[in-house]
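Participant: Model the following, please.
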Amino acid sequence: MLTMTTHTLEKLEQLLKTAGYRVRYEKGNFKTGACMLLSSKMVMVNKYANLESRINAVAQLIREVEIDINLLDDRQFAFLQTLKQTTLEL
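Facilitator: Sure thing, here's the model as predicted:
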């Protein structure tokens, strides 16, 4: 289970950045808190969403996208494996 801290959000962002994605915080009218732009390597996060919503949205996107594990270091790979094995409970 993910802890809802800014450190967790930073780890998620760093994982995406290492995989070649850009993470931007913008105001938006998207409900999930984050979205992928037209299959590009850019993730938009709603800057008005609370911390828990941001973490859950970014974690869900990471679970859905293909990430080349060769780009990740050992810690990031372990974090990715942990993410893929956990499920969100509402």
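Participant: Report the beta-bridge partners for the closest residue to residue 37 other than its chain neighbours.
Facilitator: Once flanking residues are discounted, residue 37 sits nearest to residue 44: 6.1 Å by C-beta to C-beta, 6 or more residues apart in numbering. Using the backbone N, CA and C atoms, a C-beta is placed for each residue, glycine as well. According to DSSP bridges, the partner residues bridging residue 44 are residue 24, residue 35.
Participant: Looks like residue 44 contacts residue 29 (just checking).
Facilitator: No - using C-beta atoms under 8 Å, residue 44 is not in contact with residue 29, being 11.2 Å away.
Participant: Of the two, which one has the most company?
Facilitator: The neighbour comparison of residue 44 against residue 29 (other C-beta atoms under 10 Å) goes to residue 44, with 18 against 5.
Participant: any weak-confidence spans in the protein?
Facilitator: 1, 30-36, 38, 86-90 (pLDDT under 70).
Participant: which secondary structure element contains the residue most central in space within it?
Facilitator: The centre of the chain sits closest to residue 58, judged by C-alpha atoms, centre = their mean, with a distance of 2.8 Å. Element membership for residue 58, per DSSP states H and E: helix 51-64.
Participant: Now do that helix: which elements does it pack against?
Facilitator: helix 6-18, strand 34-36, strand 42-46, helix 74-85 (3 or more C-beta pairs under 8 Å, 6 or more residues apart in numbering; DSSP states H and E).
Participant: got those as CSV, with distance to residue 64 columns?
Facilitator: Converted to CSV, the helices and strands packed on helix 51-64 look like this (distance: least, C-beta to C-beta, whole Å):
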stretch, distance to residue 64
helix 6-18, 12
strand 34-36, 8
strand 42-46, 11
helix 74-85, 10
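Participant: and residue 52, what does it touch?
Facilitator: The neighbours of residue 52, taking C-beta atoms under 8 Å, 6 or more residues apart in numbering as the test, are residue 4.
Participant: distance of it from residue 14?
Facilitator: For residue 52, the distance to residue 14 equals 19 Å [C-beta to C-beta, to the nearest Å].
Participant: what does residue 67 give?
Facilitator: 12 Å.
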